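Engineer: Could you look at this predicted model? Sequence included:
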Amino acid sequence: MMLGDFFGGVGVGLIGGVTSGLQEDHLSHATPAALKLLKIIDNAEIIVAIELLAAAQAYELQRDSHGRAAQTDAAYRAVRAVIPRYRDDRPLGADIESARRLVRQRLPDLRQEPVSGS
């Protein structure tokens, strides 16, 4: 059980502790906080991967072919180069994991360089 789970979802930085002689003392919760942050990042990657898959599928279901931005097109092509279109009922766990790898590795390369103002 994680420390944050034990305290009912309270942020780990808000938890005090009784250490000796019923005297409350400051306890560093850096490690539990870092572990909680890693779990949050893990969950966020999964959410973004699912959103990416849904966006790619939604684009393919549009009747009219609308233009899309260059970066959107690059992201779409990166997804479809690795993950086939969802046509038949099948488990999506492998697709989500593949999309997650794209989020971690490939998609940061698709970011457009900032335009420098003159």
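Structural biologist: Good, I have the coordinates. These numbers come from a predicted model, not from an experiment. Numbering: from 1, shown residues only.
Engineer: which stretches of this protein form helices?
Structural biologist: Secondary structure of the chain by DSSP state H: the helices cover 3-6, 30-61, 70-82, 93-101.
Engineer: Name the residues of the longest one that come out as buried.
Structural biologist: When burial is assessed from 16 or more other CB atoms under 10 Å, helix 30-61 yields the following buried residues: 32-33, 36, 45, 48-49, 52-53, 56, 59. For the C-beta atoms, the positions are set from N, CA and C on the backbone; glycine is no exception.
Engineer: Show me the two of those that sit farthest apart.
Structural biologist: 32 and 59 (40.9 Å; CB to CB).
Engineer: got the CA positions of stretch 97-106 in CSV?
Structural biologist: Only the C-alpha atoms of stretch 97-106 are listed here, as CSV (Å, rounded to 0.1, in the frame of the first residue of the first chain):
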residue,chain,number,x,y,z
GLU,A,97,0.9,0.4,-25.4
SER,A,98,2.1,1.1,-28.9
ALA,A,99,0.6,4.5,-28.8
ARG,A,100,2.1,5.1,-25.5
ARG,A,101,5.6,4.3,-26.9
LEU,A,102,4.8,6.8,-29.7
VAL,A,103,4.0,9.4,-27.1
ARG,A,104,7.2,8.8,-25.2
GLN,A,105,9.6,8.5,-28.1
ARG,A,106,8.3,9.8,-31.5
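Engineer: which residues sit in contact with residue 102?
Structural biologist: Residue 102 makes contact with 49, 52, 78-79, 82, according to CB atoms under 8 Å, 6 or more residues apart in numbering.
Engineer: any idea which of those is closest to residue 104?
Structural biologist: Nearest member of the contacts of residue 102 to residue 104, counting by CB to CB, is residue 49, at 9.2 Å.
Engineer: And the closest one, how far from residue 102?
Structural biologist: From residue 49 across to residue 102, the span is 7 Å (CB to CB, to the nearest Å).
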